[in-house]
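**Student:** give me the fold of what follows.
(chains A and B)
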Amino acid sequence: MESIKDKVAIIGMGCTKFGERWDAGLDDLAIEAAYEAFEDAGIDPGDIQAGWFGTVTAPTTGIGATHAVNPLKLRIPMTRVENWCITGHEALRNACFGVASGMYDIVLALGVEKLKDTGFPGLGTGRGMGPVLEARRTSPGSFALIATRYFYTYDLSPEEGKRVIGKIAVKNHYNGSMCPKAHFRNKITLEQVLNAPIIAWPLGLFDCCGNSDGAAAAILVPAKLAKNFRDDPIYIKGLGQSFDPLLPHTRPGFDWLTWDALVNSSRQAYEQAGIKNPREELDIAEVHDCFTITELIIYENFGFCPRGKAREDIDAGFFELTGGLPVNADGGLKCFGHPVGASGLRMTYEVYKQMQGKAQSPERQLKDVRLGLSHTFGGPPQVSAVAILGRELG
Amino acid sequence: MSGIVSYGAYIPLWRLSRDVIAAGWGRASLGGERSVANNDEDTVTMAVEAVLDCLVGVDREAVDGLYFASTTAPFREKQCAALVAAAADLRSDIITMDFANSLRSGTGALRAALDAVNSGSAQSIVVVASDCRIAYPRSDYEQNFGDGAAAILVSRSGSPVATVEGVYSISNDMYDVWRLDKDIFVQSWEDRFIIEHGYLENTSKAVSGLMKKYNLRADSVTKAILYAPNVRAQQTLARQHGFDVKTQLQDLLMSNVGVCGTAHALMMLVAALEEAKGGETFLLASYADGSDAMLLKVTEQVEKVKAGRRGVKGFLASKKMLPSYERYLSYRGLVEPQPGEPFRLFPSSSASWRERNWAIRFHGSRCKNCGLITFPIQRVCYGCRSKDNYEEVRLSDKKGKVFTFSLDSLAGRSDDPMVPHIVLESELGNTRIYSIMTDCDPSEIKIGMPVEMTFRRIYEGAGMYNYFWKCRPVR
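**Tutor:** Alright, predicted model coming up:
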């Protein structure tokens, strides 16, 4: 197996304003993200040779890649990808492979999701495992199972546990308040988090990400051609992806804390990128905070901190903008919501912009971002994808 | 000798105070409380409960048939007995039959089962009667009715707890209490007429006929198990035949359950057997469209069978009060509950058929190579990747413990807005099972809490009712 490191570069990215985009359909969102990326890359849509289009809720929007080519008027190979919440990363990953294989020189990775035309606020109920087994499963209902087990394992009372994860919501909302493209831009207090209505005990309203519309796009080229397009391309250093081998709900002996998907996907990406100590070496991480507890277990599964010790780092502010490893500097899913197919590319957009020193609103700009990570985690949950980006070759 | 070798019953957890119903309409309360099936229960699921209670300690492979009796079956066309038998994990080469349309079909099914066993066409048959009748809101029947089920196992082998010494039946056609094919609510004619010329006249004929045929004197009957639409009618009938109301009359279960339709006579029989001693004599009489009377002799075996069964006594003791009349109306579909978020997956006949062994029979797979048990059935073993090398094991009768849980406020109906999602660890092989918890107070759920499985109707879609197992706190 070869590493993907330094074979592919991103030369342009785009990201829509996320939110309840009553004004925009799927096609409008695709145009908004793709044209920002074309402009950023300094290319014409006609230069694109192939594309990968990530979207999840196809039954409401049409299947296939139709909704990528129709609005953009592309007559090229276009492939739709879907893989739960990592769909945006799957578009990026497969686009990278298209370039790394030598088959194409300029490709588009596009992730779009239009959730707000469905008429209900959540991601829906009862998907994936079969008509009866999962009849009333929801995303909060499943991720809350992790929180209950985490609190129990580390002997945290529900009140203590909720304070620990609640601080993640406060951090992400603070970051998102400075991000013009975020859906939610309100700062919140820990008291607000703790007093909010319960969505799926023990998770309250502010422990859950919103449901939003949005899209993001990337233009990728072979690394050796990147400087022909711009002076500050961003390079792909590693791509990881893994599943857990069986649904967590039915998996014999599973502890609900150590996820193969998280451990394997991060390890693969670290190895390709040559990262030994992610806590020290990464300058930014955009991780899948669909729920606050998710961000916490990611810290521990990604080696950002020892198992059971996330609380100490959270209390010390280690993952805040001014901390040792800023996580979700743009506000994360907490503030952008989770238009499923778009999220992986939206997170990658933040890392890309931070590396170029072009973060939206200067007060959020981190200093000297050389190595960063974007990540999504999805399914019941069961699957995780990691992309590591770097500012320089080598 | 053939006879009743086992029995079981089921009474839903939820009870509704008749004062609460009465307060809803500003009228007098009959006093006491009635049982109310949960919104995920129907006569099929209650029948499964009663059958499982009846089959405690019984080899299910040895059961040759299942007769289901109800006037409120969830299907007009499609057999309930076959579904109940599958959920009870009985063999498939058995007799299954539904008995319907009369509150007397419970004792009718019992008589048919005895005839089949006595004739030698079957070794043993389990009879289950289950009813969940709906009365007009504000009517007396609304307070008077209850929901429940009872099951009786008859066999020509094994030691009977009671033998059926004689039967006597009366048939009678009249409109006293009825439902047309399109009716939801029970209709009836004027009370004095239907008690006098319906209940008393016909049940009396059956009781006298039985007593005369078998030379039975009132004082030789230990318990008169007389079904009746109300306590006064029951006592009138008892006095007519010389039974002492205080010592000989089996309690009608009116103060604490209510009249459970087709199931009721058999529930009273179960309650009588729970208190019985060897050598006692029972006279059982049901009523509707005539009457079935039966003479039973209790054997010494009755003491041995009592252990392990919850029966009427056990299920009566395990209860929670439904907090409002409105909840009852919603549970019965009399006011429309607002559904939770739309379900994305509808039942599929072909998918349900393929998945029947785990979804209905609740089988997991035990790997023949490494022994790991997984639910649902896995063709490739999670432990050792052996392919198609497993045997099926029943998990429905195994208890478990909550491993982790969440209380989901998004997915519920308006009358039960919070859905407890449970990952439980079965006592069999520590198998993990994902299920919804029902019949519980969500605030009492904790990691490590003991649970048991219960067959429930999950939801309706694509023109079908979808059944599956949930868990509940051990009752």
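**Student:** for B:A351, helix, strand, or coil?
**Tutor:** Recorded secondary structure, B:A351: helix (DSSP: H, G, I helix; E, B strand; the rest coil).
**Student:** tell me how far B:Y67 lies from B:F99.
**Tutor:** Relative to B:F99, B:Y67 is positioned 6 Å away (CB to CB, to the nearest Å). (Each C-beta comes from the backbone N, C-alpha and C, glycine too.)
**Student:** stretch B:369-376: end-to-end distance?
**Tutor:** 18 Å (CA to CA, to the nearest Å).
**Student:** contacts for that stretch, please.
**Tutor:** A:133, A:246, A:250, A:252, B:355, B:358-359, B:362, B:364-367, B:381-384, B:386, B:389, B:393, B:395, B:426, B:428-429, B:431-433 (CB atoms under 8 Å, 6 or more residues apart in numbering or on different chains).
**Student:** state whether B:G371 is indeed within a strand.
**Tutor:** No: applying three-state DSSP, one finds B:G371 to be coil, outside a strand.
**Student:** and for it, the neighbour number?
**Tutor:** Counted with other CB atoms under 10 Å in any protein chain shown, the neighbours of B:G371 add up to 11.
**Student:** quick one: low-confidence parts of chain A?
**Tutor:** For chain A, the stretches flagged by pLDDT under 70 are A:58-61, A:124-131.
**Student:** and the longest helix for it?
**Tutor:** Identified as the longest helix of chain A according to DSSP state H is helix A:158-176.
**Student:** chain center to that one: distance?
**Tutor:** Relative to the chain's own centre, helix A:158-176 is displaced by 19 Å; criterion: CA atoms, centre = their mean, to the nearest Å.
**Student:** ranges for the helices of the stretch 351-475 of chain B?
**Tutor:** Using DSSP state H, counting those that start in this stretch, the helices assigned to the stretch 351-475 of chain B run over residues B:356-359.
**Student:** thinking again about what came up before, right, is the longest helix of chain A up against chain B?
**Tutor:** No: between helix A:158-176 and chain B, judged by CB under 8 Å from any CB of the partner chain, nothing touches; the nearest distance is 10.7 Å.
**Student:** check which helices and strands that helix sits against.
**Tutor:** For helix A:158-176, the contact count by 3 or more CB pairs under 8 Å, 6 or more residues apart in numbering or on different chains; DSSP states H and E identifies helix A:139-153, helix A:190-195, helix A:292-301, helix A:310-316, helix A:332-336 as packing neighbours.
**Student:** picking that back up, what is in contact with B:Y67 and B:F99 at once?
**Tutor:** Common neighbours of B:Y67 and B:F99 (CB under 8 Å, 6+ apart) are B:109, B:112.
**Student:** mind jotting down where the strands sit in the stretch 301-450 of chain B?
**Tutor:** For the stretch 301-450 of chain B, the strands defined by DSSP state E, counting those that start in this stretch cover B:320-321, B:363-367, B:373-374, B:390-394, B:400-408, B:419-426, B:432-436, B:450-461.
**Student:** can I get these in JSON lines with mean pLDDT, distance to A:L190 and mean neighbour count?
**Tutor:** Formatted as JSON lines, the strands of the stretch 301-450 of chain B follow (pLDDT from 0 to 100; distance: least, CB to CB, whole Å; neighbours: other CB atoms under 10 Å in any protein chain shown):
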{"stretch": "strand B:320-321", "mean pLDDT": "98", "distance to A:L190": "36", "mean neighbour count": "13"}
{"stretch": "strand B:363-367", "mean pLDDT": "98", "distance to A:L190": "44", "mean neighbour count": "23"}
{"stretch": "strand B:373-374", "mean pLDDT": "98", "distance to A:L190": "41", "mean neighbour count": "24"}
{"stretch": "strand B:390-394", "mean pLDDT": "98", "distance to A:L190": "48", "mean neighbour count": "16"}
{"stretch": "strand B:400-408", "mean pLDDT": "97", "distance to A:L190": "22", "mean neighbour count": "24"}
{"stretch": "strand B:419-426", "mean pLDDT": "96", "distance to A:L190": "26", "mean neighbour count": "24"}
{"stretch": "strand B:432-436", "mean pLDDT": "96", "distance to A:L190": "32", "mean neighbour count": "24"}
{"stretch": "strand B:450-461", "mean pLDDT": "93", "distance to A:L190": "34", "mean neighbour count": "20"}
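**Student:** ok, now which ones touch A:I31?
**Tutor:** Listed by CB under 8 Å, 6+ apart, the contact set of A:I31 reads A:71-72.
**Student:** confirm that it sits in a strand.
**Tutor:** No: with three-state DSSP as the criterion, A:I31 is helix rather than part of a strand.
**Student:** residues contacting the residue sitting nearest the centre point of chain A?
**Tutor:** Taking CA atoms, centre = their mean, the centroid of chain A lies closest to A:G344, which sits 3.6 Å from it. Residues near A:G344 by CB under 8 Å, 6+ apart: A:54, A:86-92, A:111, A:374, A:376, A:385, A:387.
**Student:** tell me which of those residues fall in helices.
**Tutor:** Members of these lying in helices (criterion: DSSP H): A:87-92.
**Student:** now, which of those sits nearest A:Y270?
**Tutor:** A:H89 (15.9 Å; CB to CB).
**Student:** hang on, isn't A:A50 packed against A:M78?
**Tutor:** Yes: contact status for A:A50 versus A:M78: in contact at 7.2 Å, counting by CB atoms under 8 Å.
**Student:** could you list the domains of chain B?
**Tutor:** For chain B, automatic domain parsing gives the domain ranges B:3-331, B:349-473.
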